[in-house]
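Engineer: structure for the following, please:
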Amino acid sequence: MKSSDFVRQLPEAGRHLGRPQSLSARLHIDVPLLVLLLILAGSGLFILYSASGASLDDVFKQAGRIGVAFVIMFALAQLDPATYRRWSLWIYLAGIGALIAVLVVGVGAKGAQRWLQLPGLPRFQPSEFMKLAVPMTVAWYLASRTLPPRLKHIAIAMGILGLPVLLVIEQPDLGTAILIAASGLVVLFMAGLSWKWIGGLAGLIAVGAPIMWFFVMLPYQKQRVLTFLNPEEDPLGSGWNIIQSKTAIGSGGLSGKGWLSGTQSHLDFLPESHTDFIIAVLAEEFGLLGVCLLLLLYVLIVARGLYIASQAQDTYSRLAAGCIAITFFVYVFVNIGMVSGLLPVVGVPLPLISYGGTSALTLMAGFGILMSIHTHKKMLTR
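Structural biologist: Down below sits the predicted model:
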């Protein structure tokens, strides 16, 4: 370009840079993503009212938790992505410390020790936050290395995700451990991990499966796998949940029985109807059409997340944004697969639909980071 051409373009560039920003841009909010999340959260409260037996108390509690989650999302959206990159390692180390504290002084329930109770605060589950901290840290490590990653970089990345996975397995919480591992592996995949390494990793998992079965998995975890393979073997015991779940899904047909008219959940045949198995309530009351509409909403959210990742301006932002979007899809896939009998029951909630607070906080924190990545672009690219 000639110097004269450059000088002639300066006024246009100046007008472009000086263009007033919209309110959403000043607040660092991605409007399409925000609208989709609001619709999803509202749908979740609508479904929860029926799944909880028309309990307004549960709905109000969940609405309060989601409100706090949205506030956290807005707050995290204000920070520059460079801040997340600088703090990724420290957040990860704090999470490791919290997981160790859980094993030492954690609060137990139903045979598992997964929570921390700090004075004056509600108990929380540190492993939930590692679903976000692990991929951010793997992205931080790989962003400054040559991509596709070399063997030594792959090994170190596997170590970063392997340590928290082992600590979570000790709680024990195999479902969350699998999701943490998946979030880290997604970053490696997006970093350009060759299919040779992916095939090798799949082979390693296949070889390690017998070792996991005989030396790592606890009796109740083995029972979940056996129940998945043949739930009818113990229809009144371990197979009860999945049998009732599939019955509820099938009885809904195409258009469902109508809101508040589901029999499996309202007559207490379906356990955990307001938490892990809530989509069975949706399927029974709104049928296949209702499930398809919810899946469409999830697909739109994932697609928006992947679009944001594609527009990111640096390697760290692309890896982090892409991982947040794909991991969100993994949560949905695992829950629906679990409830429909396609996967073993591992206790994974349906994002922003199931009753619960810690999971919603983690999800919305991730979406806050997504919005930060999308709205903190350098002005010269607009």
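
Engineer: A helix includes R145, no?
Structural biologist: No - R145 is assigned coil when assessed by DSSP: H, G, I helix; E, B strand; the rest coil, not a helix.

Engineer: just the pLDDT for it.
Structural biologist: R145 is assigned a predicted lDDT (pLDDT) of 89.

Engineer: also V187?
Structural biologist: With respect to pLDDT, V187 scores 93.

Engineer: kindly tell me how buried it is, as a neighbour count.
Structural biologist: Per other C-beta atoms under 10 Å, the neighbour tally for V187 reads 29. Yep, even glycine has a C-beta here, placed from its N, CA and C like the rest.

Engineer: also S255?
Structural biologist: For S255, the count of nearby residues is 12 (other C-beta under 10 Å).

Engineer: list the contacts of it.
Structural biologist: S255 is in contact with 286-290, counting by C-beta atoms under 8 Å, 6 or more residues apart in numbering.

Engineer: helix or strand: which one has the spatially closest residue to L306 that is not a sequence neighbour?
Structural biologist: With C-beta to C-beta, 6 or more residues apart in numbering as the criterion, L306 has its nearest non-adjacent residue at 5.0 Å, and that residue is A325. Element membership for A325, per DSSP states H and E: helix 315-339.

Engineer: in that helix, which residues are buried?
Structural biologist: Residues of helix 315-339 classed as buried under the neighbour-count rule (16 or more other C-beta atoms under 10 Å) are 315-332, 334-336, 338-339.

Engineer: cool, stretch 267-280 as well?
Structural biologist: For stretch 267-280, the neighbour count (16+ other C-beta under 10 Å) marks 269-270, 272-280 as buried.

Engineer: just the CA trace of it, in CSV.
Structural biologist: The C-alpha coordinates for stretch 267-280 follow below in CSV (Å, rounded to 0.1, in the frame of the first residue of the first chain):
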residue,chain,number,x,y,z
LEU,A,267,-47.3,-40.5,41.4
ASP,A,268,-43.6,-40.8,42.5
PHE,A,269,-42.7,-43.7,40.2
LEU,A,270,-39.8,-41.6,38.8
PRO,A,271,-37.0,-41.0,41.3
GLU,A,272,-35.0,-37.7,41.2
SER,A,273,-37.6,-36.3,38.8
HIS,A,274,-36.6,-32.7,39.5
THR,A,275,-32.9,-33.2,39.3
ASP,A,276,-31.1,-35.8,37.1
PHE,A,277,-34.2,-37.2,35.4
ILE,A,278,-36.1,-34.0,34.8
ILE,A,279,-36.1,-34.5,31.0
ALA,A,280,-38.2,-37.6,31.5
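
Engineer: outside of it, which residues touch it?
Structural biologist: Residues contacting stretch 267-280 (C-beta under 8 Å, 6+ apart): 47-48, 51-52, 58, 240-241, 244-245, 247-249, 263-265, 281, 291, 294, 335-336, 338-339, 345, 347-350, 353-356.

Engineer: drop anything exposed from the residues you listed.
Structural biologist: Buried members of the contacts of stretch 267-280, scored by 16+ other C-beta under 10 Å, are 47-48, 51-52, 58, 240-241, 244-245, 247-249, 264-265, 281, 291, 294, 335-336, 338-339, 345, 347-350, 353-356.

Engineer: that older thread, by contact count, what packs against the helix holding A325?
Structural biologist: When contacts are defined as 3 or more C-beta pairs under 8 Å, 6 or more residues apart in numbering; DSSP states H and E, helix 315-339 sits against helix 81-105, helix 126-143, helix 174-190, helix 240-251, helix 278-311, helix 358-375.

Engineer: pLDDT of whichever helix or strand comes after the shortest one, averaged?
Structural biologist: What that stands for is helix 240-251. Toward the C-terminus, helix 240-251 is succeeded by helix 263-266 as the next helix or strand (DSSP H and E). Mean pLDDT, helix 263-266: 82.

Engineer: list the helices and strands helix 263-266 packs on?
Structural biologist: On a contact count with 3+ C-beta pairs under 8 Å, 6+ apart, helix 263-266 meets helix 31-51, helix 240-251, helix 278-311.

Engineer: I would like the residues contacting the shortest one, please.
Structural biologist: Pointing back at helix 240-251 there. With C-beta under 8 Å, 6+ apart, helix 240-251 has contacts from 227-228, 231-232, 234-235, 257, 262-265, 269-272, 277, 280-281, 283-284, 339-341, 345.

Engineer: that helix to helix 315-339, inter-axis angle?
Structural biologist: For helix 240-251 against helix 315-339, the angle by axes from the mean of the first three to the mean of the last three C-alpha atoms, to 10 degrees is 90 degrees.

Engineer: rounded mean pLDDT for helix 240-251, please.
Structural biologist: Helix 240-251 carries an average pLDDT of 88.

Engineer: show me where pLDDT drops low in the stretch 101-250 of the chain?
Structural biologist: Counting by pLDDT under 70, the stretch 101-250 of the chain shows low-confidence ranges at 109-111.

Engineer: mind doing that once more with 90?
Structural biologist: Residue ranges of the stretch 101-250 of the chain with pLDDT under 90: 102-129, 144-151, 169-179, 189, 192-248, 250.

Engineer: still on that earlier bit, can you give me the pLDDT of the residue nearest to L306?
Structural biologist: On the pLDDT scale, A325 is placed at 94.

Engineer: again, but for V7
Structural biologist: On the pLDDT scale, V7 gets 40.

Engineer: nothing else from me, thank you.
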